[in-house]
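Chemist: give me a 3D structure for the following:
(one chain, ligands or ions: 1)
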Amino acid sequence: MTPRTIYVDNNATTAVAPEVVEAMQPFFKGEYFNPSSMYERARGTNDALEQARRTVARSIGASDPGQILFTSCATESNNTAILGAIRANPGRRHIITSSVEHPSVHEIAKDLERQGFEITYVPVDNQGRIDVRSFIRSLRADTLLVSIMHANNETGVIFPIEQLSRLTKETDPSILFHTDATQSVGKLEIQLDGRFKHVDLLSFSGHKVHAPKGVGALFIRKGARIRPFMLGGHQENGRRGGTENVPYIVGLARACELAADNLEAEVTTVQRLRDRLEKELQVLIPHVQVNGDGAARLPNTLNISIHYIEGEGMLYQLDAHGICASSGSACTSGSLEPSHVLRAMNVPFTAVHGSVRFSFSRYNTEADVDKILEVFPGIVENLRKLSPYWDVKAASPRPDAPKA
Ligand code: PMP
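Modeler: Predicted coordinates:
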């Protein structure tokens with residue numbers, strides 16, 4: 001019998017909410033018009049697009065909906081923010097980012113470095129917290145842009161964006177401040193007219209908040225100097241060529257509305273599940289560490305390292321029980337590359353390879369946690385039996401095992 005699916009990989013993507021599917025339906029059926037067309041029938045489609053813009057703006061505490069640009073994903077939003085800022089400000093060539101960004105920022109930074117831009121990668125400590133002093137020291141007269149994520153996708157560690165953006169503007173108001181909020185939208189309150197008033201650009205994606213894959217948004221503060229990234233027609237007020245994906249944009253708006261309206265209840269639910277799993281796994285399994293547990297973290301994310309075994313082995317075994325989780329390692333061209341995030345945190349060798357991420361959503365239940373607690377300790381025990389670093393008889397690491 002196929003086991004019941006236990007989906008605890010919500011930082012990778014989320015299930016589309018039934019309310020979102022319902023909101024999108026009319027725009028696949030009768031209301032398929034191009035929102036830029038002149039005839040009366042297209043006006044309804046255009047109205048829906050503009051209503052979605054208002055809803056999305058409101059959900060992140062921005063009063064002016066004209067500041068929302070719809071994109072295809074957070075990767076596009078990040079590219080638009082960073083490359084658009086560079087195109088608009090050719091005089092400056094220094095960019096500040098962190099050492100733990102998502103590849104959709106990190107890879108741009110590396111590419112810009114190859115093109116001769118100077119990039120400062122602000123380090124994090126062993127809990128994944130950003131080094132604020134080093135951030136302050138990195139601000140320079142020729143700094144064009146800061147791009148620092150709000151919450152980390154692997155560990156859930158939250159960065160003090162309010163403080164970092166304020167420090168940036170106090171140093172030089174013309175430095176643009178961008179944050180990738182893909183993991184925080186829908187999980188943390190975002191107030192762009194309030195606490196985040198110094199943030200110029202904020203990216204996020206639909207599929208992390210129970211909207212479909214293939215839609216995202218970029219908040220661009222009025223007056224922020226950025227040039228279009230996607231050249232083409234005059235859609236999105238001349239800021240992005242390409243006919244808007246109205247059904248998905250309507251879905252994104254409904255998802256943002258649901259998340260904002262139920263934020264407190266949802267945070268309570270996911271945090272209760274996460275905290276229980278975190279606490280009980282540490283009791284049931286010896287030699288584990290919770291990555292980032294000393295830092296402020298997203299309420300839904302648990303990144304736990306099980307010393308002396310490989311993350312991939314655990315994932316395969318969890319999968320056999322219908323449990324969908326993910327690891328901090330990425331399999332690159334046949335070799336197992338440990339996560340750049342955990343490496344930046346100086347997570348010890350024996351733990352960097354044995355990390356598993358569980359990330360919850362509103363659809364998880366206590367029964368999901370029960371199942372993980374039931375099967376995971378046995379999986380770990382069996383894999384440790386195969387580990388060259390583990391002494392089965394003593395049920396502890398061998399004396400020659402690398403230091404945890
Ligand atoms: N930034 C972060 C922090 C993410 O977690 C992700 C998705 N894993 C992205 C950007 C990219 O999102 P998308 O898939 O919508 O391009």
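
Chemist: contact partners for the residue sitting nearest the centre point of the chain?
Modeler: Centrality entry for the chain: nearest residue to the mean C-alpha point is Gln183, 3.1 Å, by CA atoms, centre = their mean. The contact partners of Gln183, by CB atoms under 8 Å, 6 or more residues apart in numbering, come to Asn11, Met149, His150, Ala151, Asn152, Asn153, Gly156, Lys208, Leu298, Thr301. For glycine as for every other residue, the C-beta is placed from the backbone atoms N, C-alpha and C.

Chemist: what's the burial count for the first one?
Modeler: Just to be clear, that refers to Asn11. A count of neighbours around Asn11, defined by other CB atoms under 10 Å, yields 26.

Chemist: ok, the fifth one next?
Modeler: Asn152 is surrounded by 31 other residues when neighbours are defined as other CB under 10 Å.

Chemist: before we move on, the earlier item: closest one of the contacts of Gln183 to Thr268?
Modeler: Within the contacts of Gln183, proximity to Thr268 (CB to CB) peaks at Leu298, which comes in at 13.7 Å.

Chemist: list phi and psi for Ser134.
Modeler: As for Ser134, its main-chain torsions (degrees, to the nearest 10) stand at phi -70, psi -30.

Chemist: how about it: what's its closest non-neighbour residue?
Modeler: Ranked by CB to CB, 6 or more residues apart in numbering and with sequence neighbours excluded, the top spatial neighbour of Ser134 is Val122, at 5.5 Å.

Chemist: which stretch of helix or strand covers Thr45?
Modeler: Counting by DSSP states H and E, the element that carries Thr45 is helix 40-59.

Chemist: coming back round to it: nearest to Ala255, of the contacts of Gln183?
Modeler: Taking the contacts of Gln183 together and measuring to Ala255 by CB to CB, the closest member is Lys208, at 9.3 Å.

Chemist: Gly186 is in contact with the closest one, correct?
Modeler: Yes: using CB atoms under 8 Å, Lys208 and Gly186 qualify as a contacting pair, with a distance of 6.9 Å.

Chemist: which residues of the chain score low on pLDDT?
Modeler: Counting by pLDDT under 70, the chain contains low-confidence ranges at 328-336.

Chemist: how does it look with 90?
Modeler: Applying pLDDT under 90 to the predicted model, the residue ranges of the chain that meet it are 1-3, 310-312, 327-339, 348-353, 386-404.

Chemist: all helices of it, in order?
Modeler: Ranges of helices in the chain, per DSSP state H, are 18-24, 40-59, 74-88, 103-114, 132-138, 161-171, 235-238, 246-261, 263-284, 311-320, 340-344, 349-352, 366-386.

Chemist: from the chain's centroid, how far away is the first one?
Modeler: The gap between where helix 18-24 is centred and where its chain is centred comes out at 23 Å by CA atoms, centre = their mean, to the nearest Å.

Chemist: kindly report the same for stretch 302-321.
Modeler: Counting by CA atoms, centre = their mean, stretch 302-321 is centred 21 Å from the centre of its parent chain.

Chemist: now do the end-to-end distance for it.
Modeler: Using CA to CA, to the nearest Å, the gap from the first to the last residue of stretch 302-321 comes to 19 Å.

Chemist: near the ligand, which residues of the stretch 151-300 of the chain are found?
Modeler: By CB under 6 Å from any ligand atom, the residues of the stretch 151-300 of the chain that approach the ligand are Asn153, Asp180, Thr182, Gln183, Ser205, His207, Gly216.

Chemist: quick one, phi psi at Lys222?
Modeler: Reported as degrees, to the nearest 10, the phi and psi values for Lys222 are phi -50, psi 130.

Chemist: ok, how many other residues are close to it?
Modeler: The number of residues packed around Lys222, counting by other CB under 10 Å, is 9.

Chemist: likewise for Tyr121?
Modeler: Taking other CB under 10 Å as the criterion, the count of residues near Tyr121 is 19.

Chemist: and what of the one 4 residues further on?
Modeler: In terms of burial, Asp125 registers 13 neighbours under the definition other CB under 10 Å.

Chemist: for beta bridges, what are the partners of the residue lying closest to Cys73 once chain neighbours are set aside?
Modeler: Leaving aside its sequence neighbours, Cys73 sits nearest to Gly216 (CB to CB, 6+ apart; 4.5 Å). Gly216 forms beta bridges with Thr71, Ser205, as assigned by DSSP bridges.

Chemist: is it true that Gly216 touches Leu69?
Modeler: No: no contact is recorded between Gly216 and Leu69 when judged using CB under 8 Å, the distance being 9.4 Å.

Chemist: shared neighbours of these two, which are they?
Modeler: With CB under 8 Å, 6+ apart, Gly216 and Leu69 have common neighbours Ser77.

Chemist: and the closest residue to Leu263 other than its chain neighbours, how many residues sit next to it?
Modeler: If you skip the residues right next to it in sequence, Leu263 has Glu189 as its closest partner in space, 6.3 Å away by CB to CB, 6+ apart. Counted with other CB under 10 Å, the burial measure for Glu189 works out to 16 neighbours.

Chemist: also the one 4 residues further on?
Modeler: Look at Asp193: counted by other CB under 10 Å, it has 14 neighbours.

Chemist: can you check Pro388 too?
Modeler: 8.

Chemist: ok, now Gln127?
Modeler: In terms of burial, Gln127 registers 16 neighbours under the definition other CB under 10 Å.

Chemist: could you pull up the residues touching Thr13?
Modeler: Under the criterion of CB under 8 Å, 6+ apart, the neighbours of Thr13 are His207, Lys208, Lys213.

Chemist: I'm done for today, thanks for sticking with me.
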